[in-house]
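J.: Attaching a predicted model along with its sequence, questions to come.
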Amino acid sequence: MAARGAAEGMTPREILAILRRHWLMIFLLTILGFGCGGVSWFLFSRYGPKYTAQTFIKVLPPIMKDPTAIQGLTVGQDVQYGYRLSMAMQLTSQGMFQQLIDRDKIQQTKWFKGFGDIKDIRIGKAVGNLKKSFSAIPQKDGDSIVVSMTCGDKEESAIIVNEMASLFVSGQGGTKRKEVAEKLSRLDDQQARVQKDLDSAERSLDDVRRRYGFTDLEEHAFQPVVEQKLNDLENQANKLEMDISQTRASIETLAAQAQGPVQVQVERQTETDPVMLSLSQQLAFQESTLSGALARFGEDHRVIRQIKEYIDSIQQERLRRQAIIAEQVRQSNLKNAQDQLTTLEGQLDQLEKMREAAAKQKEELDLARVQFTQRVKIRDERRAMLDTIKTQTEKLKIIHDDPETPTVQLISLAPEPLEASFPRFMVFVPGGTFLGLLLGIGLAFLIELLNDLVRTPKDVATHLHIPLLGIIPDSEEDEQVEGIEPALVVRQAPNSILSESYRRTRTNLKLSEPGGKAKAILITSGGAKDGKTTVAVNLAATLVAEGKKVLLIDTNLRRPGLNAIFASKQAAIQTNTGLSNLLAGQCDLQQAIRPSGMEGLTIIESGPMPTNPAETLGSEAMQRLIGQLRDNYDYVIIDGPPVLLASEAKLLAKYVDGTILVFNAAVTRRGTGVRTISELKQVNATILGCVLLGVKTLKGGYFREMFRSYQEYQAFEPAKA
């Protein structure tokens, strides 16, 4: 997972740098691939060439075309390609291979005889070889199938291809004509059945006409006589019903008038009566006489009374005559209305009988028409079906005799191949070269990805996730430190790039938080010989160069290192004044501290190794000592034991202000770095950061360019005034 993550996070510059670092291996593998490709091509060409014969089988559209149509049906490209694909699958089926092998011409070839003498085994091997060497590939945009065969003899490769193509085309042609003949036979049977159904439908039409007595049952635009008669009878019946309704209403009115007062209409009829006219004349004459008598005799005269009495008698006679005439008129009107109603009802009964008869006849006509229409529809369907069958029969007869009836056609026989299809120079040599190049590039990246050392700042950021305080190059990269003890680089080669790297580490430490406030600093690493003592001494030297008062303590009681770096006669004499003696109370602090030979830097050596180093360094005396020294010095640099090899480092990490881890780019693996950080975090140690020691420049990398720039910068001479 780590390797994959690193590969995914590579920048183009890093990829180019990897290729530059391993260019020689890539070049050699490319040359090796070129040579292997050329040798393979030569050997295969001389001892095992292969020849491929090829021909084309044209495949017509799968839909049977209409021979009577000027323009055939258009078939989609996908459908045609699918049909060609199915034909190609048939060509390469095991059944076709076995039919091909059964041919005498194939069995006489050296190709077939080369599979042994046992028949069954030889046939099985031949079929297996055909499955590998024989191919039928349909063209995507064309209309053909490319048929090819590869074997060691060019003549026999052409023979096999041609035999298979001829076998397939002839088989497809016979099969297609057989299919057409079978369709013609089925159509003849179907035509006989349809003709029989058509005759039966014609007879059923005659049966309907005879059964119902109608000769004309076809659909027409005009209305039949029966329907017209029925409609007329219904209209007459409706009119009679309306007249009857009106007559009944009139009878009710006349009956009411016969019992009530004389109406004005009846009074007008009485005025025309001769008797009433005579009485009216008499009444008018007497009234005239009365007027003359009144003028002559007065109101109370006897003559006047006689005239008035006579006038009253005339009026009474008029009333009696009027009543008699009115009664006669009303009774006569009522009787006439009743007689008219009886007549109308009789006419309605007659019409109802006629209408029922016409309706029954109409129902029979409708039923006859329904049955007739059904049989006409069946007859028409059979006629259309019969016409279609006849048309298809004629077309199939034409197709059966058409030379293009088979949907596959052999375009031409396969010629003998002029050159070998295997091996090909343009495949083997460039392919071998390319494979060699890919192998070299792949091996280069594999080497890089399998290298799990902490070599670059990116490795620290990606896998360790702690601040990087400094990057110290390998001493072999700087000519100025040649022959100088690595721990004394800052002191003896102050202008070297290694010294500048230590000074950059000092600056980063002071600017970091809480690095700027840390006075007691533990320098440790994951394993032994990672260079922690070298970093501790050089870091102390850079701090002293700033005028700081620094104390360097060697707490690696099991394997001390400062006594060899700062060896002196005084140190050789004072063998019992080290850190272990101080913590055991065998000497005081002033006796344990000795000068280093560098102004501003004093040291405390480890002293003799006690029987219990962990308990000695983890004691309260050690904690008090660090607190006391923190008050007396600007910096207390503690060269500690390795974290993963001794438990003292974790004890000391709790007493100091911060811890700096040293990772050696040549030996420290990522897992070691992760475990070291994890061990310190378990005791809640303050990790200020890490120093990457012994970093080598890589081709195409950042450090080589930085070293070159630094050397040019150091060699620069300002112009003289």
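T.: Received, thanks.
J.: Residue 688 and residue 129, how far apart?
T.: 74 Å (C-beta to C-beta, to the nearest Å). For glycine as for every other residue, the C-beta is placed from the backbone atoms N, C-alpha and C.
J.: Then residue 287?
T.: 154 Å.
J.: Return the residues in contact with residue 200.
T.: With contact set as C-beta atoms under 8 Å, 6 or more residues apart in numbering, residue 200 has no partners.
J.: what about the helix or strand containing it, average pLDDT?
T.: Per DSSP states H and E: residue 200 is located in helix 154-212. The average pLDDT within helix 154-212 is 81.
J.: after that helix, next one along is what?
T.: Past helix 154-212, the next helix or strand by DSSP H and E is helix 225-259.
J.: Quick check: which element contains residue 544?
T.: Applying DSSP H and E, one finds residue 544 within helix 532-545.
J.: before we move on, what about residue 150?
T.: strand 144-151.
J.: Give the other helices and strands that that strand contacts.
T.: strand 51-59, helix 77-91, helix 119-133, strand 134-138, helix 154-212 (3 or more C-beta pairs under 8 Å, 6 or more residues apart in numbering; DSSP states H and E).
J.: Which of these sits closest to residue 624?
T.: helix 119-133 (86.3 Å; C-beta to C-beta).
J.: what ranges do the helices span in the stretch 551-700 of the chain?
T.: For the stretch 551-700 of the chain, helices defined by DSSP state H, counting those that start in this stretch occupy the ranges 562-565, 569-573, 579-584, 589-592, 613-617, 620-632, 648-655, 670-682.
J.: what stretches of the stretch 201-350 of the chain score poorly on pLDDT?
T.: 212-226, 257-271 (pLDDT under 70).
J.: what's the answer for the stretch 451-600 of the chain, then?
T.: If you take pLDDT under 70 as the line, the stretch 451-600 of the chain has these spans: 513-516, 568-575.
J.: can we see that at 80?
T.: When residues are selected by pLDDT under 80, those of the stretch 451-600 of the chain lie in 477-479, 512-517, 567-576.
J.: still on that earlier bit, so if I had to pick from residue 287 and residue 129, which one is more boxed in?
T.: Higher neighbour count among residue 287 and residue 129: residue 129, with 18 against 13, using other C-beta atoms under 10 Å.
J.: right, and the more buried one touches residue 114 too?
T.: No. Judged on C-beta atoms under 8 Å, residue 129 makes no contact with residue 114 at a distance of 9.3 Å.
J.: domain ranges for this protein?
T.: 12-182, 225-374, 454-558+625-713 (automatic domain parsing).
J.: end-to-end on the first one?
T.: By that I understand domain 12-182. Distance across domain 12-182, first residue to last, is 71 Å (C-alpha to C-alpha, to the nearest Å).
J.: what angle do the helix holding residue 200 and strand 134-138 make?
T.: 50 degrees (axes from the mean of the first three to the mean of the last three C-alpha atoms, to 10 degrees).
J.: so how far is stretch 636-649 off the chain centroid?
T.: With C-alpha atoms, centre = their mean, to the nearest Å as the basis, stretch 636-649 stands 59 Å off its chain's centre.
J.: if we can go back for a sec, now do the helix holding residue 200 against helix 119-133, angle only.
T.: Using the same axes, to 10 degrees: helix 154-212 against helix 119-133 is 90 degrees.
J.: relative to helix 77-91, how tilted is helix 154-212?
T.: Going by the same axes, to 10 degrees, helix 154-212 makes 120 degrees with helix 77-91.
J.: chain center to helix 154-212, what's the gap?
T.: Using C-alpha atoms, centre = their mean, the offset of helix 154-212 from its chain centre is 46 Å.
J.: Alpha carbons of the strand holding residue 150, in PDB - could you do that?
T.: Taking Å, rounded to 0.1, in the frame of the first residue of the first chain, the C-alpha atoms of strand 144-151 are listed here in PDB:
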ATOM      1  CA  SER A 144     -17.400 -10.800 -46.600                       C
ATOM      2  CA  ILE A 145     -15.900 -13.300 -44.200                       C
ATOM      3  CA  VAL A 146     -12.100 -13.500 -44.200                       C
ATOM      4  CA  VAL A 147     -11.100 -17.200 -44.100                       C
ATOM      5  CA  SER A 148      -7.500 -18.000 -43.300                       C
ATOM      6  CA  MET A 149      -5.300 -21.000 -42.300                       C
ATOM      7  CA  THR A 150      -1.800 -21.000 -40.900                       C
ATOM      8  CA  CYS A 151       0.500 -24.000 -41.200                       C
END
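J.: What strands flank it, and is each parallel or antiparallel?
T.: strand 51-59 (antiparallel), strand 134-138 (antiparallel) (DSSP bridges).
J.: would TSV of those strands with mean neighbour count be doable?
T.: Formatted as TSV, the strands paired with strand 144-151 follow (neighbours: other C-beta atoms under 10 Å):
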stretch	mean neighbour count
strand 51-59	21
strand 134-138	20
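J.: Can you lay out those as TSV showing mean pLDDT?
T.: Listed next are the strands paired with strand 144-151 as TSV, based on pLDDT from 0 to 100:
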stretch	mean pLDDT
strand 51-59	90
strand 134-138	93
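J.: For residue 388, which of the ones you listed is the nearest?
T.: strand 51-59 (29.1 Å).
J.: Which residue, neighbours along the chain excluded, lies closest to residue 428?
T.: Take residue 428 and drop its neighbours on the chain: the residue closest to it by C-beta to C-beta, 6 or more residues apart in numbering is residue 41, 3.8 Å away.
J.: Residue 422 is in contact with the one you found, correct?
T.: No. The pair residue 41 / residue 422 is not scored as a contact, 9.9 Å apart, by C-beta under 8 Å.
J.: which of those two has more neighbours?
T.: Higher neighbour count among residue 41 and residue 422: residue 41, with 20 against 16, using other C-beta under 10 Å.
J.: Regarding that one, which helix or strand does it belong to?
T.: Using DSSP H and E, residue 41 falls in helix 23-47.
J.: buried residues in that helix?
T.: Of the residues in helix 23-47, 26, 29, 30, 32, 33, 34, 36, 37, 41, 44 count as buried by neighbour count, 16 or more other C-beta atoms under 10 Å.
J.: picking up where we left off before, in TSV, list the helices and strands packed on strand 144-151 along with distance to residue 281.
T.: Below are those laid out as TSV (distance: least, C-beta to C-beta, whole Å):
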stretch	distance to residue 281
strand 51-59	128
helix 77-91	118
helix 119-133	144
strand 134-138	131
helix 154-212	78
